[in-house]
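**Q** the sequence and its predicted three-dimensional model are supplied below.
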Amino acid sequence: MSRAAAFLYLATLALLPWGAWPRFPWLHEHAQWSDAVFAGAALLWVVDRRRTRTPFRPRLVHLGMAVYLGAAAVSLVLAHERAESGPAKLLGIGMLVALAVVTSDLAARPGALTAIARTVAGTALAVAVVAAAGVVLALLGARTGLVGTYGDLVPGAYARAQAGFPHPNLLASFCVFAAGVVAREDAAISRGLRRLALGALLVTVLLTFSRGILGFGLAWLVRRADSPVRRRAAALSAAACVGAVAALSALHLSLDPTRPWEARLLDGPSPRAQAFASALGTLRSHPWLGTGPGTSPGTKDGWPFDAHCTPLNVAATLGLPALAGFALIPLALWRARARPADRATWGTLAGLALEGLIQDVEDFRHLWIAFGLADAGRANLGPR
């Protein structure tokens with residue numbers, strides 16, 4: 001790959017956690033500068049492959065991506081409702097697929113993984129400093145965009161770190177991803193940098209006061225699962241985490257982590273329960289095409305709302321064929337994995353999968369980068 005393409009790709013990673021500022025003024029409300037930089041990297045990547053006449057060999061994972069993207073396009077054209085942001089949403093899905101493909105190609109090249117890990121480690125340290133600064137300023141009475149309010153769907157009374165992200169949950173999810181990249185032993189970064197970055201990410205994810213802390217912990221357990229006993233512990237912990245997030249989503253619980261003794265159950269269904277039940281009803285009504293890209297399939301207190309559960313949100317907005325394609329991606333990656341599998345990458349995907357039960361992670365850029373990293377570590381890479 002050309003140096004220019006590699007540089008722009010690394011710049012994409014460095015810009016990844018700065019989606020809230022500086023604001024990207026075009027496309028749609030969730031677009032950011034890393035998208036524009038990646039567009040340049042992808043274009044140069046295509047030019048370089050054509051120049052070197054490197055063939056593209058489709059595999060099962062690419063079939064999953066093609067079905068997912070194709071089903072989204074069909075949904076946009078034929079779904080009963082077409083959101084104004086639908087075309088931009090479809091473009092974003094295409095970018096995410098490209099992000100996974102380019103990551104897979106780059107990360108498998110000599111020395112690239114080290115550059116990726118160093119970039120993510122440096123970005124993680126910067127994010128940690130900004131997150132801590134935001135919390136300190138909030139404690140001093142100065143609220144900034146570096147923090148959000150407590151409460152995933154219903155704002156609470158105190159601040160949570162969100163750094164350059166628009167929401168603390170996104171910051172926590174990024175911490176799960178970044179820790180998995182930095183922790184890879186084959187990344188060949190210094191032990192001091194690895195420990196510093198992982199420590200900073202641990203503090204940062206704790207400052208988010210989010211359910212993402214469970215995903216971060218699960219990913220850590222999977223990374224350490226190098227024996228039968230530790231693998232059983234990781235499996236049991238995964239089951240416990242699934243039960244915990246399901247209970248927290250179903251119960252209408254009022255909980256202030258600074259005063260846990262004041263926790264109480266509120267009357268009526270929780271916001272997440274409302275979103276899930278209404279999105280499930282939408283899926284029953286529109287199983288094949290969904291409601292279309294850019295729409296919200298659920299409701300909360302009568303207002304349009306996302307499902308906040310990745311499989312359900314994909315199926316209800318894009319249709320069951322899109323869900324089949326999306327599900328095929330991690331299944332194909334697992335089937336083609338090298339043995340022994342890289343526990344850091346698969347720990348990341350396990351943590352993000354847990355988050356997928358309570359968030360719509362299909363739109364998270366770092367999820368698709370994690371897909372690409374898993375694909376780069378597959379068995380029998382063959383000539384490139």
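**A** Okay, I see it. Numbering: from 1, shown residues only.
**Q** for the one helix or strand Ile93 maps to, packing partners?
**A** Counting by DSSP states H and E, the element that carries Ile93 is helix 86-107. If contacts are counted by 3 or more Cβ pairs under 8 Å, 6 or more residues apart in numbering; DSSP states H and E, helix 86-107 sits against helix 3-15, helix 33-52, helix 60-78, helix 112-139, helix 365-376. C-beta: built from backbone N, CA, C; applies to glycine.
**Q** any buried residues in that helix, and which?
**A** By neighbour count on 16 or more other Cβ atoms under 10 Å, the buried set for helix 86-107 is 86, 88-90, 92-93, 95-107.
**Q** next: stretch 5-20.
**A** Going by 16+ other Cβ under 10 Å, stretch 5-20 has these buried residues: 5-6, 8-20.
**Q** over to stretch 230-240?
**A** Within stretch 230-240, the residues scored as buried using 16+ other Cβ under 10 Å are 234, 237-238.
**Q** just how off-centre is it within its chain?
**A** Here stretch 230-240 is found 22 Å from its chain centre; the criterion is Cα atoms, centre = their mean, to the nearest Å.
**Q** likewise stretch 30-43?
**A** That offset, for stretch 30-43, works out to 17 Å (Cα atoms, centre = their mean).
**Q** could you report the neighbour count for Ala138?
**A** Neighbourhood size, Ala138 [other Cβ atoms under 10 Å]: 18.
**Q** and if you look at Glu84?
**A** By the criterion of other Cβ under 10 Å, Glu84 has 9 neighbours.
**Q** among the helices and strands packed on helix 86-107, which is the most enclosed?
**A** Ranked by mean neighbour count, the helices and strands packed on helix 86-107 are led by helix 365-376 with a mean of 25 (mean count of other Cβ atoms under 10 Å).
**Q** mind giving me the packing neighbours of that helix?
**A** If you count contacts as 3+ Cβ pairs under 8 Å, 6+ apart, helix 365-376 packs onto helix 86-107, helix 168-182, helix 320-335, helix 343-355.
**Q** Phe305: which of the ones you listed is closest?
**A** Closest to Phe305 of the helices and strands packed on helix 365-376, according to Cβ to Cβ: helix 168-182, at 14.8 Å.
**Q** what packs against the closest one?
**A** Secondary-structure packing of helix 168-182 (3+ Cβ pairs under 8 Å, 6+ apart): helix 112-139, strand 159-161, helix 191-207, helix 212-223, helix 343-355, helix 365-376.
**Q** mind redoing it with 10 Å?
**A** helix 112-139, strand 147-149, strand 159-161, helix 191-207, helix 212-223, helix 343-355, helix 365-376 (3 or more Cβ pairs under 10 Å, 6 or more residues apart in numbering; DSSP states H and E).
**Q** that older thread, dump the helices and strands packed on helix 86-107 into a markdown table; add distance to Ala250 and mean pLDDT as well.
**A** Listed next are those as a markdown table, based on distance: least, Cβ to Cβ, whole Å; pLDDT from 0 to 100:
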| stretch | distance to Ala250 | mean pLDDT |
| --- | --- | --- |
| helix 3-15 | 36 | 96 |
| helix 33-52 | 35 | 94 |
| helix 60-78 | 29 | 98 |
| helix 112-139 | 30 | 96 |
| helix 365-376 | 25 | 98 |
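**Q** export the ones you listed to a markdown table and tack on distance to Arg223?
**A** Output for the helices and strands packed on helix 86-107, formatted as a markdown table (distance: least, Cβ to Cβ, whole Å):
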| stretch | distance to Arg223 |
| --- | --- |
| helix 3-15 | 20 |
| helix 33-52 | 26 |
| helix 60-78 | 23 |
| helix 112-139 | 14 |
| helix 365-376 | 13 |
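**Q** start and end of stretch 204-216, how far apart?
**A** End-to-end distance of stretch 204-216 (Cα to Cα, to the nearest Å): 11 Å.
**Q** confirm Thr295 sits in a helix?
**A** No: assessed with DSSP: H, G, I helix; E, B strand; the rest coil, Thr295 is coil; it does not lie in a helix.
**Q** many thanks, I have nothing further to ask.
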